[in-house]
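J.: Got a predicted structure here, sequence first:
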Amino acid sequence: MPGAALGLVLLAAAVHTGWNALAKRGRDQFLFLWSSVALAGLLFSPAVLLGAWRGELGREGWGYVAATGLIHAVYFFTLGRAYRYGDLSLVYPIARGLGIALTPIVGAFLLGESVSGLGALGIGLVVAGAAGLGLVGGARGDPARPRRAVPWAVGNGVTIAAYSLCDARGVRAFAPAAYVSLLGLGCSLLLLPVVLRRARALAEEWRHGGRTIVLASTLNLSSYLLVLHAFRLAKTAYVVAARELSIVLSTLIGVLVLREGRAAQRLLAALVILSGVTCVVLAR
(Lines give C-alpha, C1' and ligand atoms only; values in the text may rest on other atoms or scores of the structure.)
Protein backbone atom coordinates (compact mmCIF):
# COMPACT_ATOMS: atom_id res chain seq x y z
CA MET A 1 0.00 0.00 0.00
CA PRO A 2 1.55 3.36 -1.00
CA GLY A 3 2.71 5.50 1.90
CA ALA A 4 0.53 8.44 0.86
CA ALA A 5 -2.60 6.30 0.83
CA LEU A 6 -1.72 4.70 4.16
CA GLY A 7 -1.20 8.13 5.70
CA LEU A 8 -4.57 9.35 4.43
CA VAL A 9 -6.37 6.27 5.73
CA LEU A 10 -4.77 6.35 9.17
CA LEU A 11 -5.58 10.05 9.46
CA ALA A 12 -9.16 9.34 8.40
CA ALA A 13 -9.44 6.62 11.05
CA ALA A 14 -8.20 8.97 13.76
CA VAL A 15 -10.48 11.81 12.62
CA HIS A 16 -13.51 9.52 12.38
CA THR A 17 -12.94 8.15 15.87
CA GLY A 18 -12.40 11.68 17.16
CA TRP A 19 -15.76 13.07 16.06
CA ASN A 20 -17.52 9.98 17.36
CA ALA A 21 -15.89 10.52 20.76
CA LEU A 22 -17.02 14.16 20.71
CA ALA A 23 -20.56 13.13 19.82
CA LYS A 24 -20.66 10.60 22.64
CA ARG A 25 -19.80 13.36 25.12
CA GLY A 26 -22.64 15.60 23.89
CA ARG A 27 -25.63 16.28 26.14
CA ASP A 28 -28.04 15.05 23.45
CA GLN A 29 -26.07 12.91 21.03
CA PHE A 30 -28.58 13.04 18.18
CA LEU A 31 -28.88 16.84 18.24
CA PHE A 32 -25.10 17.12 18.50
CA LEU A 33 -24.65 14.90 15.43
CA TRP A 34 -27.33 16.72 13.44
CA SER A 35 -25.82 20.12 14.22
CA SER A 36 -22.28 19.09 13.28
CA VAL A 37 -23.33 17.40 10.04
CA ALA A 38 -25.57 20.28 8.95
CA LEU A 39 -22.75 22.73 9.60
CA ALA A 40 -20.25 20.50 7.79
CA GLY A 41 -22.55 20.32 4.76
CA LEU A 42 -22.63 24.11 4.65
CA LEU A 43 -18.85 24.34 5.01
CA PHE A 44 -18.39 22.04 2.02
CA SER A 45 -21.15 23.67 -0.06
CA PRO A 46 -18.78 25.81 -2.18
CA ALA A 47 -17.50 22.52 -3.60
CA VAL A 48 -20.96 21.94 -5.10
CA LEU A 49 -20.83 25.24 -6.98
CA LEU A 50 -17.28 24.53 -8.10
CA GLY A 51 -18.23 21.03 -9.24
CA ALA A 52 -21.19 22.37 -11.20
CA TRP A 53 -18.98 25.00 -12.86
CA ARG A 54 -16.42 22.34 -13.83
CA GLY A 55 -19.07 19.91 -15.05
CA GLU A 56 -18.19 17.34 -12.38
CA LEU A 57 -21.76 16.65 -11.24
CA GLY A 58 -22.81 13.85 -13.56
CA ARG A 59 -26.52 13.40 -14.19
CA GLU A 60 -26.39 9.72 -13.24
CA GLY A 61 -25.04 10.60 -9.80
CA TRP A 62 -28.10 12.49 -8.53
CA GLY A 63 -30.03 9.31 -7.79
CA TYR A 64 -27.17 8.13 -5.59
CA VAL A 65 -27.06 11.50 -3.85
CA ALA A 66 -30.76 11.22 -3.00
CA ALA A 67 -30.33 7.64 -1.79
CA THR A 68 -27.28 8.36 0.35
CA GLY A 69 -28.99 11.40 1.91
CA LEU A 70 -31.86 9.17 3.04
CA ILE A 71 -29.53 6.41 4.26
CA HIS A 72 -27.34 8.87 6.15
CA ALA A 73 -30.41 10.38 7.81
CA VAL A 74 -31.16 6.95 9.26
CA TYR A 75 -27.45 6.48 10.01
CA PHE A 76 -27.13 9.61 12.15
CA PHE A 77 -30.47 9.01 13.89
CA THR A 78 -29.56 5.44 14.88
CA LEU A 79 -26.05 6.49 15.88
CA GLY A 80 -27.42 9.19 18.15
CA ARG A 81 -29.79 6.72 19.80
CA ALA A 82 -27.02 4.15 20.23
CA TYR A 83 -24.72 6.66 21.93
CA ARG A 84 -27.56 7.75 24.19
CA TYR A 85 -27.59 4.31 25.80
CA GLY A 86 -24.17 2.82 25.10
CA ASP A 87 -20.49 3.57 25.49
CA LEU A 88 -18.21 4.54 22.64
CA SER A 89 -16.24 1.32 23.11
CA LEU A 90 -19.48 -0.65 22.77
CA VAL A 91 -21.33 1.13 19.97
CA TYR A 92 -18.50 2.02 17.60
CA PRO A 93 -16.95 -1.46 17.15
CA ILE A 94 -20.35 -3.11 16.70
CA ALA A 95 -21.58 -0.56 14.15
CA ARG A 96 -18.37 -0.30 12.12
CA GLY A 97 -17.64 -4.02 12.23
CA LEU A 98 -21.13 -5.07 11.19
CA GLY A 99 -21.18 -2.38 8.52
CA ILE A 100 -18.20 -3.95 6.76
CA ALA A 101 -19.29 -7.55 7.40
CA LEU A 102 -22.80 -6.95 6.07
CA THR A 103 -21.62 -5.29 2.86
CA PRO A 104 -20.87 -8.58 1.00
CA ILE A 105 -24.16 -10.04 2.23
CA VAL A 106 -26.12 -7.08 0.88
CA GLY A 107 -24.07 -7.31 -2.32
CA ALA A 108 -24.98 -10.99 -2.66
CA PHE A 109 -28.71 -10.22 -2.50
CA LEU A 110 -28.72 -7.04 -4.58
CA LEU A 111 -25.84 -7.61 -7.01
CA GLY A 112 -25.66 -11.39 -7.18
CA GLU A 113 -22.14 -11.46 -5.73
CA SER A 114 -20.95 -14.61 -3.94
CA VAL A 115 -19.49 -14.81 -0.42
CA SER A 116 -16.28 -16.87 -0.15
CA GLY A 117 -15.28 -19.13 2.72
CA LEU A 118 -12.89 -16.49 4.05
CA GLY A 119 -15.64 -13.89 3.85
CA ALA A 120 -18.05 -16.15 5.73
CA LEU A 121 -15.40 -16.70 8.42
CA GLY A 122 -14.91 -12.96 8.73
CA ILE A 123 -18.65 -12.35 9.09
CA GLY A 124 -18.80 -14.98 11.80
CA LEU A 125 -15.92 -13.36 13.70
CA VAL A 126 -17.57 -9.94 13.52
CA VAL A 127 -20.86 -11.33 14.82
CA ALA A 128 -19.02 -13.17 17.61
CA GLY A 129 -17.09 -10.04 18.62
CA ALA A 130 -20.24 -7.91 18.55
CA ALA A 131 -22.07 -10.46 20.68
CA GLY A 132 -19.13 -10.47 23.08
CA LEU A 133 -19.32 -6.70 23.45
CA GLY A 134 -23.02 -6.92 24.17
CA LEU A 135 -22.41 -9.47 26.89
CA VAL A 136 -19.67 -7.38 28.53
CA GLY A 137 -22.27 -4.86 29.68
CA GLY A 138 -21.93 -1.24 30.69
CA ALA A 139 -19.21 0.45 32.67
CA ARG A 140 -21.65 1.24 35.46
CA GLY A 141 -22.78 -2.35 35.79
CA ASP A 142 -26.25 -1.52 34.45
CA PRO A 143 -27.15 -4.30 31.98
CA ALA A 144 -30.26 -2.52 30.70
CA ARG A 145 -28.48 0.37 29.01
CA PRO A 146 -26.13 -1.67 26.79
CA ARG A 147 -29.03 -3.97 25.90
CA ARG A 148 -30.91 -0.91 24.64
CA ALA A 149 -27.84 0.37 22.78
CA VAL A 150 -26.98 -2.83 20.90
CA PRO A 151 -30.06 -2.92 18.59
CA TRP A 152 -29.44 0.71 17.60
CA ALA A 153 -25.75 -0.06 16.95
CA VAL A 154 -26.73 -3.06 14.82
CA GLY A 155 -29.18 -0.90 12.87
CA ASN A 156 -26.44 1.66 12.39
CA GLY A 157 -24.21 -1.08 11.00
CA VAL A 158 -26.89 -1.92 8.43
CA THR A 159 -26.93 1.69 7.22
CA ILE A 160 -23.12 1.66 6.94
CA ALA A 161 -23.32 -1.36 4.61
CA ALA A 162 -26.07 0.36 2.60
CA TYR A 163 -24.31 3.69 2.12
CA SER A 164 -20.99 1.97 1.37
CA LEU A 165 -22.52 0.20 -1.64
CA CYS A 166 -24.35 3.36 -2.70
CA ASP A 167 -21.43 5.74 -2.38
CA ALA A 168 -18.93 3.45 -4.11
CA ARG A 169 -20.97 4.03 -7.26
CA GLY A 170 -22.24 7.53 -6.66
CA VAL A 171 -18.84 9.14 -6.14
CA ARG A 172 -17.75 8.02 -9.60
CA ALA A 173 -20.15 10.55 -11.09
CA PHE A 174 -19.48 13.39 -8.64
CA ALA A 175 -16.51 15.33 -7.31
CA PRO A 176 -15.89 13.84 -3.83
CA ALA A 177 -16.15 17.14 -1.92
CA ALA A 178 -19.41 18.03 -3.65
CA TYR A 179 -20.75 14.55 -2.93
CA VAL A 180 -20.09 14.71 0.81
CA SER A 181 -21.57 18.21 0.99
CA LEU A 182 -24.80 17.13 -0.69
CA LEU A 183 -25.15 14.02 1.47
CA GLY A 184 -24.62 16.13 4.60
CA LEU A 185 -27.14 18.76 3.55
CA GLY A 186 -29.60 16.16 2.31
CA CYS A 187 -29.71 14.08 5.48
CA SER A 188 -29.85 17.24 7.62
CA LEU A 189 -32.92 18.48 5.75
CA LEU A 190 -34.63 15.11 6.05
CA LEU A 191 -34.08 15.13 9.82
CA LEU A 192 -35.07 18.79 10.24
CA PRO A 193 -38.72 18.07 11.21
CA VAL A 194 -37.50 15.85 14.06
CA VAL A 195 -35.03 18.51 15.18
CA LEU A 196 -37.57 21.36 15.09
CA ARG A 197 -39.80 19.51 17.53
CA ARG A 198 -36.89 19.72 19.99
CA ALA A 199 -35.89 23.32 19.37
CA ARG A 200 -35.35 24.11 23.06
CA ALA A 201 -33.05 21.10 23.52
CA LEU A 202 -31.18 22.13 20.37
CA ALA A 203 -30.58 25.60 21.76
CA GLU A 204 -29.30 24.06 24.99
CA GLU A 205 -26.94 21.79 23.04
CA TRP A 206 -25.43 24.78 21.27
CA ARG A 207 -25.25 26.84 24.47
CA HIS A 208 -23.32 24.18 26.36
CA GLY A 209 -21.29 22.66 23.51
CA GLY A 210 -21.25 25.07 20.58
CA ARG A 211 -17.46 25.09 20.24
CA THR A 212 -17.32 21.31 20.33
CA ILE A 213 -20.02 21.09 17.65
CA VAL A 214 -18.01 23.40 15.41
CA LEU A 215 -14.92 21.25 15.98
CA ALA A 216 -16.87 18.08 15.17
CA SER A 217 -18.25 19.69 12.01
CA THR A 218 -14.71 20.07 10.68
CA LEU A 219 -14.04 16.37 11.33
CA ASN A 220 -17.05 14.24 10.41
CA LEU A 221 -17.38 14.72 6.64
CA SER A 222 -13.64 15.44 6.32
CA SER A 223 -12.82 11.89 7.44
CA TYR A 224 -14.98 10.46 4.67
CA LEU A 225 -13.41 12.78 2.12
CA LEU A 226 -9.94 11.50 3.08
CA VAL A 227 -11.09 7.92 2.46
CA LEU A 228 -12.52 8.81 -0.95
CA HIS A 229 -9.18 10.29 -1.97
CA ALA A 230 -7.31 7.24 -0.61
CA PHE A 231 -9.38 5.03 -2.91
CA ARG A 232 -7.67 6.77 -5.83
CA LEU A 233 -4.21 5.82 -4.58
CA ALA A 234 -4.56 2.20 -3.43
CA LYS A 235 -6.70 -0.91 -3.77
CA THR A 236 -10.11 -0.62 -2.16
CA ALA A 237 -9.57 -3.70 0.01
CA TYR A 238 -6.39 -2.29 1.53
CA VAL A 239 -8.00 1.08 2.21
CA VAL A 240 -11.04 -0.42 3.91
CA ALA A 241 -8.95 -2.78 6.03
CA ALA A 242 -6.59 -0.03 7.20
CA ARG A 243 -9.48 2.32 7.95
CA GLU A 244 -11.03 -0.16 10.34
CA LEU A 245 -8.11 0.24 12.73
CA SER A 246 -10.46 2.86 14.13
CA ILE A 247 -12.34 -0.03 15.80
CA VAL A 248 -9.40 -0.61 18.12
CA LEU A 249 -8.74 3.12 18.45
CA SER A 250 -12.32 3.80 19.53
CA THR A 251 -12.04 1.11 22.19
CA LEU A 252 -8.81 2.59 23.52
CA ILE A 253 -10.34 6.09 23.67
CA GLY A 254 -13.44 4.73 25.36
CA VAL A 255 -11.68 2.83 28.12
CA LEU A 256 -8.65 5.10 28.62
CA VAL A 257 -9.99 8.61 27.97
CA LEU A 258 -13.72 8.32 28.66
CA ARG A 259 -13.17 5.83 31.51
CA GLU A 260 -15.83 3.43 30.26
CA GLY A 261 -14.23 0.46 32.02
CA ARG A 262 -13.84 -3.25 31.32
CA ALA A 263 -10.83 -2.54 29.13
CA ALA A 264 -9.52 -6.09 28.66
CA GLN A 265 -12.86 -7.60 27.65
CA ARG A 266 -13.76 -4.78 25.30
CA LEU A 267 -10.35 -4.66 23.66
CA LEU A 268 -10.42 -8.42 23.08
CA ALA A 269 -13.87 -8.21 21.50
CA ALA A 270 -12.74 -5.27 19.33
CA LEU A 271 -9.72 -7.27 18.13
CA VAL A 272 -12.01 -10.18 17.20
CA ILE A 273 -14.19 -7.76 15.21
CA LEU A 274 -11.14 -6.25 13.53
CA SER A 275 -9.84 -9.69 12.53
CA GLY A 276 -13.24 -10.50 11.06
CA VAL A 277 -13.33 -7.23 9.13
CA THR A 278 -9.87 -7.98 7.74
CA CYS A 279 -11.04 -11.41 6.54
CA VAL A 280 -14.09 -9.90 4.84
CA VAL A 281 -12.03 -7.21 3.11
CA LEU A 282 -9.32 -9.62 1.94
CA ALA A 283 -11.97 -12.01 0.64
CA ARG A 284 -13.36 -9.43 -1.81
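T.: That came through, no problem.

J.: hey, let's count contacts and neighbours off CA atoms from now on
T.: Fine.

J.: Verify the stated contact: Val127 with Leu98.
T.: Yes: using C-alpha atoms under 8 Å, Val127 is in contact with Leu98, at 7.2 Å.

J.: show me where this structure has helices.
T.: Under the criterion DSSP state H, the chain contains helices at 3-24, 29-44, 46-54, 62-85, 88-111, 117-136, 144-170, 176-196, 199-217, 220-230, 236-243, 246-252, 263-283.

J.: lowest-confidence stretch among those helices?
T.: When the helices of the chain are compared by mean pLDDT, helix 236-243 comes last with a mean of 67.

J.: Need the residue in this protein that's farthest from the chain's center.
T.: Within the chain, Trp53 marks the point farthest from the mean C-alpha position, 30.2 Å out by C-alpha atoms, centre = their mean.

J.: OK, contacts around that residue?
T.: Applying C-alpha atoms under 8 Å, 6 or more residues apart in numbering to Trp53 gives no contacts.

J.: repeat for Thr17
T.: Ser246, Leu249, Ser250.

J.: Just the buried ones out of the residues you listed, please.
T.: Buried residues within the contacts of Thr17, counting neighbours by 16 or more other C-alpha atoms under 10 Å: Ser246, Leu249, Ser250.

J.: From His229, how far out is the nearest residue to Tyr179 once chain neighbours are set aside?
T.: Closest residue to Tyr179 apart from its sequence neighbours, by C-alpha to C-alpha, 6 or more residues apart in numbering: Val171 at 6.6 Å. According to C-alpha to C-alpha, to the nearest Å, Val171 and His229 sit 11 Å apart.

J.: Between those two, tell me which one has more neighbours.
T.: The residue with more neighbours, out of Val171 and His229, is Val171; 20 against 15, by other C-alpha atoms under 10 Å.

J.: Next, give phi and psi for the more buried one.
T.: As for Val171, its main-chain torsions (degrees, to the nearest 10) stand at phi -70, psi -10.

J.: Including distance to Leu225, could the buried ones among the contacts of Thr17 go into TSV?
T.: Formatted as TSV, the buried ones among the contacts of Thr17 follow (distance: C-alpha to C-alpha, whole Å):
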residue	distance to Leu225
Ser246	16
Leu249	20
Ser250	20
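
J.: tell me which of the residues you listed is nearest to His208?
T.: Ser250 (24.1 Å; C-alpha to C-alpha).
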